[in-house]
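[1] Just a sequence and a predicted model for now, questions to come.
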There are 2 protein chains.
Amino acid sequence: MSDKQAVQSVWTRPRKKKEQPALSAGQIVAEAIALLDADGIEQLSMRKLGARLNAGATSLYRHVANKDELIELVVDEVYGELEVPAGGGREGWREAATATAASLRAMMLRHPWVGAVLGQVGLKSLGPNLSRMSTRFMGVFQDAGFPAAEADQVMNTLTAYVLGMATSEAAWLSLIARSGMTEREWISDVLPGALEASREHPAINEALLANSSDPSAIRDETFAYGLARVLDGFQVRLDQL
Amino acid sequence: MSDKQAVQSVWTRPRKKKEQPALSAGQIVAEAIALLDADGIEQLSMRKLGARLNAGATSLYRHVANKDELIELVVDEVYGELEVPAGGGREGWREAATATAASLRAMMLRHPWVGAVLGQVGLKSLGPNLSRMSTRFMGVFQDAGFPAAEADQVMNTLTAYVLGMATSEAAWLSLIARSGMTEREWISDVLPGALEASREHPAINEALLANSSDPSAIRDETFAYGLARVLDGFQVRLDQL
DNA sequence: CCTTAGGTGCGCACACTGTGCGCGTCATGG
DNA sequence: CCATGACGCGCACAGTGTGCGCACCTAAGG
């Protein structure tokens, strides 16, 4: 096989030092996130992940019980990227909520696989990062004037909106990414066919044309629009209390 | 092997008639939905599906190109279960939107795997049932007084809320189902530990206790609460137009 | 110093997945 | 009656998660 290595044989062997800190749960989780960001959820396999760490597949099982457990760790890790400002009182709650929503959406667009994973694993994990963020986020609405039980519902409502919106955006973006085009190219490729298909629905046609110019800006605006409506609804309720 | 059949040997053979209508795309999709409802998304394999239809795994590929295509068909099929009332004008839009939201949520709780699948496949499919429902649903908001482009955003907002909420509920419910308990048993099992873990966060503690009595009713109420807030937000915007 | 013990990486193996290929059987139309 | 096309299926291949046991390497105890 390896002719060059044959001369030094077994005696003068490489004496491999502990150059790498070897393997650790943290390393594995970090590399899994890198792989997920690059290739998506269905491309994550223990063997590929092991290869990235210069390790065999089964070595990972010394530090991680399951692939499922690995995914729980990975999900909680990205929850740690969220930035939730401290509650802004009765005047500042809207900015705080807007910032949190933006942070959550940005995280899910940075890691488009999170939406797919959440559908499967739900919030079963309840890791430390997620629960810390939930506590802070709930505090925002308690500071705004909602009683504790209701603040929980308000937080769930807003989270559901952001999650639903960002999941759909992320799925769309990764579909495009797999085709190797940019978002704009994809749209200008597909638009004629879509217009043809929805010829009988002028309202849909109009919406399609409006969205064809700068897709990313339009997505930002649609997200902000819905967010504003939801927060308006919260304000209505606050005025009743 | 079969002693009874041996006597008639090969000559007087059964002459099997076309007793079953064999295989068809519709049959396959229907049986796939049954299997998904029973065992969840990660238990769906072409071999198991084939076995349910008294067929080999690869026979399915005569009627369905991919597993992915099968899933697209399956998703559009369940979208066909939605009931979207015709637009109710400027007064009836709220009831129409509420009914549609309830129908979508009920569908996703009947088929808890839909949430997981939507995260992966997004709305790529755009099958006939989905596009029909979207058109009708958008009509509700146009009738309510929103201009066409904005009606699209309003519909997306509401859909995102329902999707996010129902996905999280469905993931929770299938987690429970896998444990073989009822929702109430699970909660009374887990509650002491959860209270212990969140001892330092009295607000979370309070929320936990409030939700421990009748879980399914509480979920209904939380969903209705968030829905009311979102619709309130729409109303605020309508009053500005 | 040598010996023992425990933690770590890895090759192998098993059961299972999606799916392409080519064969045999059947219903149908000329 | 024969040819044609559609259909079901067994086989095979590459790839998956993961349990098992071996080989090492580092640290403690005599």
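    Nice, thanks for sending it over.
[2] Only C-alpha atoms from now on, for both contacts and neighbour counts.
    Will do.
[3] From chain B, how far off is A:Ala97?
    15 Å (Cα to the nearest Cα, to the nearest Å).
[4] and what of A:Gly193?
    Taking Cα to the nearest Cα, one finds A:Gly193 at 13 Å from chain B.
[5] Is that residue inside a helix or a strand, and which specific one?
    Using DSSP states H and E, A:Gly193 sits in helix A:183-197.
[6] May I see the buried residues of that helix?
    A:183, A:187, A:191, A:195 (16 or more other Cα atoms under 10 Å in any protein chain shown).
[7] Let me see the contact set for the closest residue to A:Gly56 other than its chain neighbours.
    Closest residue to A:Gly56 apart from its sequence neighbours, by Cα to Cα, 6 or more residues apart in numbering or on different chains: A:Gly50 at 5.1 Å. Each residue near A:Gly50 by Cα atoms under 8 Å, 6 or more residues apart in numbering or on different chains is listed here: A:56-60.
[8] Go again with 10 Å.
    A:23, A:28, A:31-32, A:56-60 (Cα atoms under 10 Å, 6 or more residues apart in numbering or on different chains).
[9] Show the pLDDT at it.
    The per-residue pLDDT reported for A:Gly50 equals 93.
[10] Mind picking the two most distant members of the buried residues of helix A:183-197?
    Spanning the widest gap among the buried residues of helix A:183-197 are A:Glu183 and A:Leu195, at 17.5 Å by Cα to Cα.
[11] what about the residue in chain A that DNA strand D sits nearest to, how many neighbours?
    Going by Cα to the nearest atom of the strand, DNA strand D is nearest to A:Ser45 of chain A, at 3.3 Å. Neighbourhood size, A:Ser45 [other Cα atoms under 10 Å in any protein chain shown]: 15.
[12] how far away is it from B:Gly119?
    Note on A:Ser45: its distance to B:Gly119, by Cα to Cα, to the nearest Å, is 19 Å.
[13] same question, A:Pro147
    Relative to B:Gly119, and taking Cα to Cα, A:Pro147 is found at 33 Å.
[14] of the two, who's got more company?
    Neighbours were counted for A:Pro147 and for B:Gly119 using other Cα under 10 Å; B:Gly119 has more, 27 against 13.
[15] list the contacts for that one?
    If you count contacts by Cα under 10 Å, 6+ apart, then B:Gly119 has A:112-120, A:164, A:166-172, B:167 around it.
[16] Any of these buried? List them.
    A:112-120, A:164, A:166-172, B:167.
[17] taking the residues you listed one by one, which sit in strands?
    Per DSSP state E, strands hold no members of the buried ones among the contacts of B:Gly119.
[18] The helix or strand containing A:Leu227 - what's its average pLDDT?
    Using DSSP H and E, A:Leu227 sits in helix A:215-240. Throughout helix A:215-240, pLDDT has a mean value of 96.
[19] The strand or helix carrying A:Ala106 packs against which elements?
    A:Ala106 belongs to helix A:89-110 when assigned by DSSP H and E. For helix A:89-110, the elements it packs on are helix A:67-79, helix A:113-121, helix A:128-144, helix A:148-179, helix A:215-240, judged by 3 or more Cα pairs under 10 Å, 6 or more residues apart in numbering or on different chains; DSSP states H and E.
[20] A:Gly92: which of the ones you listed is closest?
    Taking those one by one with Cα to Cα, helix A:128-144 is closest: 7.8 Å.
[21] Taking chain A, what residue is nearest to DNA strand C?
    Minimum separation of chain A from DNA strand C (Cα to the nearest atom of the strand) falls at A:Ala55, amounting to 3.0 Å.
[22] mind listing what the residue nearest the centre of chain A touches?
    What sits nearest the mean C-alpha location of chain A, by Cα atoms, centre = their mean, is A:Met108, with 2.6 Å. Listed by Cα under 10 Å, 6+ apart, the contact set of A:Met108 reads A:78-79, A:102, A:114-115, A:162-163, A:166-167, A:169-170.
[23] A:Arg178: neighbour count?
    Quick note: A:Arg178 (other Cα under 10 Å) scores 10 neighbours.
[24] didn't it look like it was pressed against A:Gln43?
    No: between A:Arg178 and A:Gln43 there is no contact under Cα atoms under 10 Å: 11.9 Å.
[25] tell me which parts of chain A are close to DNA strand C?
    Within chain A, the positions lying close to DNA strand C (Cα under 7 Å from any atom of the strand) are A:22-24, A:54-56, A:58-60, A:62-63.
[26] can I get these in TSV with secondary structure, distance to A:Tyr225 and neighbour count?
    Output for those, formatted as TSV (DSSP: H, G, I helix; E, B strand; the rest coil; distance: Cα to Cα, whole Å; neighbours: other Cα atoms under 10 Å in any protein chain shown):
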residue	secondary structure	distance to A:Tyr225	neighbour count
A:Ala22	coil	48	10
A:Leu23	coil	46	16
A:Ser24	coil	43	13
A:Asn54	coil	47	12
A:Ala55	coil	47	15
A:Gly56	coil	48	15
A:Thr58	helix	48	10
A:Ser59	helix	48	13
A:Leu60	helix	44	22
A:Arg62	helix	48	11
A:His63	coil	44	13
